[in-house]
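> heads up, no residue letters with this:
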């Protein structure tokens, strides 16, 4: 029986009986897409679906999905990924003990299995591999490790997997691989994608192909050039400050969350105020108290929740408040989902800035004396 659970106005969670039905539904949606679906993200017993409500309603979507035949086994993917493994894992002997097999037999059964990437999650590039030898189904470790090295090949329950980066974990480690599971410069970044077939092979018996260096020069960042140009110097940041953009939707299937600005309406408003291109990154701050100085004239846009800002220039301080969206303004008609968020966008720099804080907090954000008047129109200038 299929259950449909609401997640948000644009997302539903489809719950099915088991992993086989999850894979069948995911394959069906890929083979015969439903208009309006933006993204489908499989998990062990669910498929999360993000959709466009202007194209299809949640009720229409649920009706269409309920008619899908989930007893049909998906066709194997034509994508096969081979992973080289040093079978030298810390838990290899324990796995042999759990299964009643010898270490050599564990390795043989693992290398002779063909897995399918059922879904991705936990970390960017971490794929949950299903379909291995049932004899290798083992429990998680009773005491998880605080740090597992990147490239660790592991088993837990009915799944096999490879840790893409160093992280805590409780799976049984049977080996390591030199293959890079996640590479931000690769397209797609994750080596494992839902539906891909995966096989492992023992490096002791078969050497991996030799990578050829193309001689492509590596760009070297010159911090001196950045320091010579217009920039901000952070004087105080009580809580970490992060740059945010509009997010990276559609990447959840390879373990990458959308992220992005929490209040996208305020984000867009701040960039419009300063005349920055849409989507210019913003600096997101938490709870105020952030202080910085600018090395050049700048325009600052602040939008979202009420947030007092003190600007000091040439020994004179002025206090400004956040831009307040007018209900009658067509440019600001999109409602702010998080009213306690304010955005500040800065022009004439390679970045924009966002300020996020609770509307109940009245501690000012101080912009010191090097923030000078600009010839451009600005809601905030000293």
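Nice, I can see it. Only a predicted model underlies this, so the values are computations on that prediction, with no experimental measurement involved. Numbering: from 1, shown residues only.

> Verify the assumption that residue 20 is located in a helix.
Yes. Applying DSSP: H, G, I helix; E, B strand; the rest coil, one finds residue 20 inside a helix.

> Report how many residues lie close to it.
Applying other Cβ atoms under 10 Å, we find 15 residues neighbouring residue 20. The C-beta positions use only the backbone N, C-alpha and C, and glycine is treated the same way.

> do residue 183 as well
With other Cβ under 10 Å as criterion, residue 183 counts 14.

> ok, it - contacts?
By Cβ atoms under 8 Å, 6 or more residues apart in numbering, the contact set of residue 183 is 189, 191.

> The stretch 151-300 of the chain: helices as residue ranges?
For the stretch 151-300 of the chain, applying DSSP state H, counting those that start in this stretch gives helices covering 223-228, 264-274.

> Name all residues that make contact with residue 4.
Residues in contact with residue 4, defined by Cβ under 8 Å, 6+ apart, are 12, 13, 14, 15, 58, 62, 65.

> Widest-spaced pair of those?
Spanning the widest gap among the contacts of residue 4 are 15 and 58, at 14.5 Å by Cβ to Cβ.

> Residue 59 is in what secondary structure piece?
Per DSSP states H and E, residue 59 falls inside helix 58-66.

> Now list the buried members of the contacts of residue 4.
Taking 16 or more other Cβ atoms under 10 Å as the criterion, what is buried in those is 12, 14, 15, 58, 65.

> which of those residues lies closest to residue 87?
residue 15 (37.2 Å).

> Kindly give the local confidence score, pLDDT, for the closest one.
Looking at residue 15, its pLDDT reads 96.

> tell me which residues form a beta bridge with it?
residue 3, residue 46 (DSSP bridges).

> Hmm, residue 61 is touching residue 10, no?
No. Look at residue 61 against residue 10 with Cβ atoms under 8 Å: they stay out of range, at 10.7 Å.

> ok so, going back, mind checking the pLDDT average for the helix holding residue 59?
When pLDDT is averaged along helix 58-66, the result is 95.

> Run through the neighbouring helices and strands of it.
With contacts taken as 3 or more Cβ pairs under 8 Å, 6 or more residues apart in numbering; DSSP states H and E, helix 58-66 sits against strand 3-8, strand 11-15, strand 46-51.

> Apply 10 Å and report the result again.
Helices and strands touching helix 58-66, by 3 or more Cβ pairs under 10 Å, 6 or more residues apart in numbering; DSSP states H and E, are strand 3-8, strand 11-15, helix 19-31, strand 37-42, strand 46-51.

> Distance to residue 76 for these - can I get that in TSV?
Listed next are the helices and strands packed on helix 58-66 as TSV, based on distance: least, Cβ to Cβ, whole Å:
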stretch	distance to residue 76
strand 3-8	28
strand 11-15	23
helix 19-31	10
strand 37-42	16
strand 46-51	20
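
> do you know which of those lies nearest residue 309?
By Cβ to Cβ (comparing all of those), the closest turns out to be strand 3-8, at 32.0 Å.

> tell me the angle the closest one makes with strand 46-51.
50 degrees (axes from the mean of the first three to the mean of the last three Cα atoms, to 10 degrees).

> So what angle separates the directions of strand 3-8 and strand 11-15?
Using the same axes, to 10 degrees, strand 3-8 lies at 160 degrees relative to strand 11-15.

> more neighbours, residue 61 and residue 10?
A side-by-side neighbour count of residue 61 and residue 10, using other Cβ under 10 Å, places residue 61 first with 21 against 13.

> what about the more buried one, distance to residue 12?
For residue 61, the distance to residue 12 equals 7 Å [Cβ to Cβ, to the nearest Å].

> Now do the domain split for this structure, please.
What automatic domain parsing lists as the domains of the chain is 3-66, 80-202, 223-367.

> any shared contact partners between residue 61 and residue 12?
Residues touching both residue 61 and residue 12 (Cβ atoms under 10 Å, 6 or more residues apart in numbering): 4, 49, 51.

> Check these against residue 132 and report the nearest one.
residue 49 (28.0 Å).

> quick one: contacts for the closest one?
4, 7, 10-14, 25, 29, 34, 36-41, 58, 61-62, 65.

> Please identify the helix or strand for residue 106.
Element membership for residue 106, per DSSP H and E: helix 103-112.

> by contact count, what packs against that helix?
Against helix 103-112 (3+ Cβ pairs under 10 Å, 6+ apart) you get strand 80-85, helix 92-99, strand 152-156, strand 172-176, strand 197-202.

> Show me which positions of it end up buried.
Neighbour count says helix 103-112 has 106, 107, 109, 110, 111 buried, by 16+ other Cβ under 10 Å.

> Pull the most distant pair out of these.
106 and 111 (9.7 Å).

> Now the common contact residues for those two.
residue 87.

> I'd like to know how far residue 97 sits from residue 172.
For residue 97, the distance to residue 172 (Cβ to Cβ) stands at 11 Å.

> of the two, who's got more company?
A count of neighbours by other Cβ under 10 Å puts residue 172 above the other of residue 97 and residue 172, at 23 against 12.

> For that one, which residues count as its bridge partners?
Under DSSP bridges, the beta-bridge partners of residue 172 are residue 155.

> list the contacts for it?
Taking Cβ under 10 Å, 6+ apart, one finds 89-92, 94-95, 98, 136, 138-141, 152-156, 160 in contact with residue 172.
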